[in-house]
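S.K.: sequence and predicted model, in that order:
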Amino acid sequence: MDDLEKAVLISFDETGTVDSALKSQAVAFCQQMKESPTVGRVCIEKLVFCKLVQVQFWCLQTVQEVISGRYSLLSLEEKDFFRKSVFSLCGFDGIDDENAVRLLEGPAFIKNKLAQVLVTLIYFEYPLVWSSVFVDLLSQLSKGAMVIDMFCRVLNALDDELISLDYTRTADETVIANRVKDAMRQQCIGQIVRVWYDIVCMYKNTDQELCSGVLDTMRRYISWIDIGLVMNDVFMPLLFELILVDGSSEQLRGAACSCVLAVVSKRMEPQPKLNILQGIQIGRVFGLVTGDSDSELVSKVAALITGFAVEVLDCSKRVSTEDAKRVSTELMNEVLPSVFYVMQNCEVDSTFSIVQFLSSYVATMKSLSPLTEKQLVHVRQILEVIRSQIRYDPAYRNNLDMLDKIGREEEDRMFEFRKDLFVLLSSVGRAAPEVTQVFIRNALNSAVASSSDVNVEEVEAALSLLHALRESLSDESIRNGSGLLSELVPMLISTRFPCHSSRSVALVYLETITRYMKFVMENTQYIPMVLTAFLDDRGIHHQNLHVSRRASYLFMRVVKLLKAKLVPFIEKILQSLQDTVSQITSMDFTSNQCSGAEDGSHIFEAIGILIGMEDVPVEKQSEYLASLLTPLCRQIEVLLMNAKILNPEESPAKVANIQQIIMAINALSKGFSERLVNASRPAIGLMFKQTLDALLQILIAFPKIEPLRSKITSFIHRMVDTLGASVFPYIPKALEQLLAESETKEMVGLLVLLNQLICKFNTSVHGILEEVFPTIAGRIFPIIPRNGFPSGPGTNTEEMRELQELQKTLYTFLHVITTHGLSSVFLSTKSRAYLEPTMQLLLYTACNHKDTVVRKACVQIFIRLIKDWSVGPYGGEEKVPGFQSFVIEVFGTNCCLYSVLDKSFDFRDANTLILFGEIVVAQKVMYEKFGNDFLIHFVSKSFQSVHCPQDLAEQYCQKLQGADIKAFRSFYQSLIENLRGQQNGNLVFR
């Protein structure tokens, strides 16, 4: 063993026993050898005599690299040497030495690598240099199976490395591939196909593995050779003989199937393709697909059948003659039953999409009316395929009921998997509505009739079909109960499935009822049945917590839809929900009993909608509301009395209890309108005021519990909408408590609440705002950076994001104040101290903020303040001393000129153009209010600082003084772009 062989063995070592330094040294030695000009000859010599496979592989790899990397630098003698040597190594020409190693007796990876080396030569030399390569190869095949196998490997490598379109190719590779294919077509492909035929005939009984390899190679080439070479009276009978005769191996029969599929899938014009499809007589293989579904043969036959069906469908769309359409229809009718069988019983080939194929087939039906009996049969089979595909595997039944990790994963997977199938169902429902509805009715009947032990998945699938069918139905058809809907919906509502305890069945049952509520709205006789379904153990009282939660939400949606139609049933509903409501109102309630508080709130929202209607008699309404609010408020009182003596273990449960009560009251109030509680039935309003008063005590007892403060804030929002102006007396106290302990996150919620108050009541909130603004400003201004937020690594923290959100909400708050006639709040005695910081913050933001929408809001604030605080162009005592000079000299120059001159101000951006429009309006307003004071400063000082030409400055004055703001805006944009052209670099905000 010489040094090279040792180095290769060490570099290939994967045992971990070789010292890393020694391995690195070996790799370096091998690399150094590769750079030697004689390495090619060294490697060929090693390949002839060395028996070590690692060395053989390294040498083959190196020879390939030499040929591919240095071909243009090789001499004619060296090229001839490689050509003859590689050809000999492939076994096509003997080496006269009894000690020579036969690579063809080595492992598959060595033979494959050797084939790649020969293909590299073909890449460079065929057909221009080595034009006889394939003829030379063919002449050697009589040497036997080993050489035939190598010949197939060479053709496979040629397909992989150069011809196959399954891989991305460069433009040069595509040109060479086409050159090789054209030359082979002209010179030898006919001979190669005949040799394939002869080999299969010769070895089919003695070496079926070799025959399988030959057919696999042939399959690769069918897509680009003359189809007549295979699709003829000689080769096709041989292929079908191999497929249909039991004595052959599954591997050989499957390989023959793949060749027929390649013929079927070959791209060509529709009429010749149709002739081929007709000539194949595909019906001969249908019986084979019913064998063992796990066998390789059944898998290959299934792929052939589905591939055939896809091609027939494609032809049917592209042929134009009536005769061709008839033939394609006959072929489709012949193959479809087997396709449906494959879909339901076999492992479908990954390249075949069941949904895509069936959707395309159904699309062909849309133009046909009426459908033929055969097509109606196919529709039923399609529906059966959909039903079988959407069924859950019973193995996951317990996981889905408990909704553990496995159950969640399976539910998510099926949700995605079903999407396309349900789209297909909708298409079928539109093409054949009656057949689809009859199928779903029969599926439901069948599911109900079967044993409860086995029908969980059947019932769930049948209900899911009805649920998904809704997509193909119009609202009108549902209201009218078109087709079988007048039978299906009542059947759905009235049925009690034996497996209703199953979570998946119960959920889809309730979802489906909700989807068809428009039918019930028109057919009110079914309302009692709907209520029973939701209120008994199929819905809100279901044993599974997930079901009862979802049922509560869906019931709330049903109540919203039916509203006044439910008034006669309110007593029954409240009675049925009494135990559910008591879980919320009970002192025994803990967060563990009902994790996920939203289900309780949905029940209360539904009740609120029911009892909050004006159709309910006033006495009954008061009685219903009192029966709910009184125990809730009493529970709050008890909890607050015990708040100070709670031990740490009890506290979380009590806080969760209070949270749940607040959410319940909040949800309940959603059903009551402002008009009802304030105008028509003030007694109801009084109850909510008393409740609000009781809940505000929570802020005193638990001043630092953020979740409770958040829930109280949310309830105040609701009361502002419900009680209207009568909520005013409670607001100061609430704001005082909320402001006392507020964190950054809470300040955002507080500002949103104030925005709601301002937008709803306008100047009526002046007094409240005057009181709280100094506190808010004093809390926020110190923590918000005046000159923007830092950027870069480590700045995107949760705290920084909260501050950014607070800043954005603050700008909205200031905008709402100024646009609702409340700017005088800034000038109050208590707020004066914050006037200057407010103006500086607004100024910096108007000029520099990354969000142009925020900048626009700040410019609009300045516009409004200018209108509110200026005395007009004819003088008089200033309302706000120094404001006019600040606006003219600082805001006007920095925002209206410098900020738009900066190249980051992009006129191609839509939001930036809107901001620019506001800046233009600001200049107009400044001229209207300040007259020549603004104009003289802007032209003589601001323009001069940016070297604006005199003629443009004069035009600016004319346009600003004119009445056409569009003309002024257009001119000012061109002025800015003109000035930018004179600047080198960006202007810095001053």
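M.R.: That came through fine.

S.K.: I'd say E637 and D693 touch.
M.R.: No. With contacts counted by C-beta atoms under 8 Å, E637 stays clear of D693, the gap being 11.4 Å. Just so you know, the C-beta spots here come from the backbone N, C-alpha and C atoms, and that holds for glycine as well.

S.K.: identify the contacts common to those two.
M.R.: Both E637 and D693 lack any common contact, where contact means C-beta atoms under 8 Å, 6 or more residues apart in numbering.

S.K.: name the residues that touch stretch 1-20?
M.R.: Contacts for stretch 1-20 (C-beta under 8 Å, 6+ apart): 22-23, 26-27, 29-30, 33, 42, 46, 50, 52, 54-55, 58.

S.K.: the stretch 401-550 of the chain: helices as residue ranges?
M.R.: Listed in chain order, the helices of the stretch 401-550 of the chain (DSSP state H, counting those that start in this stretch) span 405-431, 433-449, 456-469, 475-480, 485-494, 503-515, 517-522, 527-535, 545-562.

S.K.: quick one: buried residues of the fifth one?
M.R.: Using 16 or more other C-beta atoms under 10 Å as the burial criterion, the residues of helix 485-494 that qualify are L485, L488, V489, P490, L492, I493.

S.K.: now do the second one
M.R.: By 16+ other C-beta under 10 Å, the buried positions in helix 433-449 come out as P433, V435, T436, Q437, V438, F439, I440, R441, A443, L444, A447, V448.

S.K.: of all those residues, which comes closest to D536?
M.R.: Top of the list for closeness to D536, among these and by C-beta to C-beta, is V448 at 17.5 Å.

S.K.: which residue lies nearest the spatial centre of this protein?
M.R.: The geometric centre of the chain, computed from its C-alpha atoms, lies nearest to E416 (C-alpha atoms, centre = their mean), at 10.6 Å.

S.K.: shaky segments in the stretch 551-700 of the chain?
M.R.: Low-confidence segments of the stretch 551-700 of the chain, defined by pLDDT under 70: 584-600, 644-650.

S.K.: all helices for it, in order.
M.R.: Counting by DSSP H, counting those that start in this stretch, the stretch 551-700 of the chain has helices at residues 570-576, 578-585, 598-611, 618-641, 651-669, 674-675, 682-701.

S.K.: give me the helices and strands touching the third one, please.
M.R.: Counting contacts by 3 or more C-beta pairs under 8 Å, 6 or more residues apart in numbering; DSSP states H and E, helix 598-611 packs against helix 545-562, helix 570-576, helix 578-585, helix 618-641, helix 651-669.

S.K.: let's see it at 6 Å
M.R.: helix 545-562, helix 651-669 (3 or more C-beta pairs under 6 Å, 6 or more residues apart in numbering; DSSP states H and E).

S.K.: how about the fifth one?
M.R.: Counting contacts by 3+ C-beta pairs under 6 Å, 6+ apart, the secondary-structure elements packed against helix 651-669 are helix 598-611, helix 618-641, helix 706-723.

S.K.: quick one: the lowest-mean-pLDDT helix or strand in the chain to helix 527-535, angle?
M.R.: Ranked by mean pLDDT, DSSP states H and E, the weakest helix or strand in the chain is helix 578-585, scoring a mean of 79. The directions of helix 578-585 and helix 527-535 differ by 40 degrees, with axes from the mean of the first three to the mean of the last three C-alpha atoms, to 10 degrees as the criterion.

S.K.: contacts for helix 578-585?
M.R.: I540, G600, I603, P631, L632, Q660, A664 (C-beta atoms under 6 Å, 6 or more residues apart in numbering).

S.K.: what angle sits between it and helix 651-669?
M.R.: Going by the same axes, to 10 degrees, helix 578-585 makes 130 degrees with helix 651-669.

S.K.: how far off centre is helix 578-585?
M.R.: Relative to the centre of its chain, helix 578-585 is centred 39 Å away, using C-alpha atoms, centre = their mean, to the nearest Å.

S.K.: low pLDDT regions in this structure?
M.R.: In the predicted model of the chain, residues 92-100, 350-351, 451-454, 584-600, 644-650, 873-876, 983-990 satisfy pLDDT under 70.

S.K.: on that earlier part again, now tabulate the helices and strands packed on helix 598-611 in a markdown table and tack on distance to S945.
M.R.: Shown next, in a markdown table, are the helices and strands packed on helix 598-611 (distance: least, C-beta to C-beta, whole Å):
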| stretch | distance to S945 |
| --- | --- |
| helix 545-562 | 62 |
| helix 651-669 | 57 |
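
S.K.: ok, which of those helices comes nearest V900?
M.R.: Counting by C-beta to C-beta, and looking across all of these, nearest comes helix 651-669 at 46.8 Å.

S.K.: coming back round to it: which of the helices and strands packed on helix 651-669 sits most buried?
M.R.: With neighbours defined as mean count of other C-beta atoms under 10 Å, these peak in mean count at helix 598-611, which reaches a mean of 24.

S.K.: got the contact list for it?
M.R.: Counting by C-beta under 6 Å, 6+ apart, the neighbours of helix 598-611 from elsewhere in the structure are 549, 552-553, 555-556, 559, 566, 570, 580, 584, 621, 624, 660, 663-664, 667-668, 670-671.

S.K.: what angle separates it from helix 527-535?
M.R.: Using the same axes, to 10 degrees, helix 598-611 lies at 160 degrees relative to helix 527-535.

S.K.: check contacts around Y71.
M.R.: Applying C-beta under 6 Å, 6+ apart, we find Y71 in contact with F124.

S.K.: what do you get for the one 4 residues further on?
M.R.: Residues counted as contacts of S75 (C-beta under 6 Å, 6+ apart): none.

S.K.: may I have the phi/psi pair for it?
M.R.: Here is the backbone geometry of S75 (degrees, to the nearest 10): phi -80, psi 160.

S.K.: pull out the buried positions in stretch 764-773.
M.R.: Along stretch 764-773, the positions that meet the burial threshold by neighbour count (16+ other C-beta under 10 Å) are V765, H766, I768, L769, E770, E771, V772, F773.

S.K.: need those in a markdown table (columns: distance to R318 and secondary structure).
M.R.: Supplementary listing: these in a markdown table, determined by distance: C-beta to C-beta, whole Å; DSSP: H, G, I helix; E, B strand; the rest coil:
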| residue | distance to R318 | secondary structure |
| --- | --- | --- |
| V765 | 71 | helix |
| H766 | 75 | helix |
| I768 | 74 | helix |
| L769 | 73 | helix |
| E770 | 78 | helix |
| E771 | 78 | helix |
| V772 | 74 | helix |
| F773 | 74 | helix |
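
S.K.: redo the residues you listed as a markdown table? Include distance to I609.
M.R.: Formatted as a markdown table, the entries for those read as follows, by distance: C-beta to C-beta, whole Å:
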| residue | distance to I609 |
| --- | --- |
| V765 | 30 |
| H766 | 35 |
| I768 | 31 |
| L769 | 34 |
| E770 | 38 |
| E771 | 36 |
| V772 | 34 |
| F773 | 37 |
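
S.K.: closest to P270 among the residues you listed?
M.R.: Nearest to P270, judged by C-beta to C-beta, of the buried residues of stretch 764-773 is V765 at 74.8 Å.

S.K.: ok, the closest one to L757 distance?
M.R.: When C-beta to C-beta, to the nearest Å is applied, the distance between V765 and L757 equals 5 Å.

S.K.: closest one to S426 out of the buried residues of stretch 764-773, please.
M.R.: Here the nearest of these to S426, counting by C-beta to C-beta, is V765; it sits at 51.5 Å.
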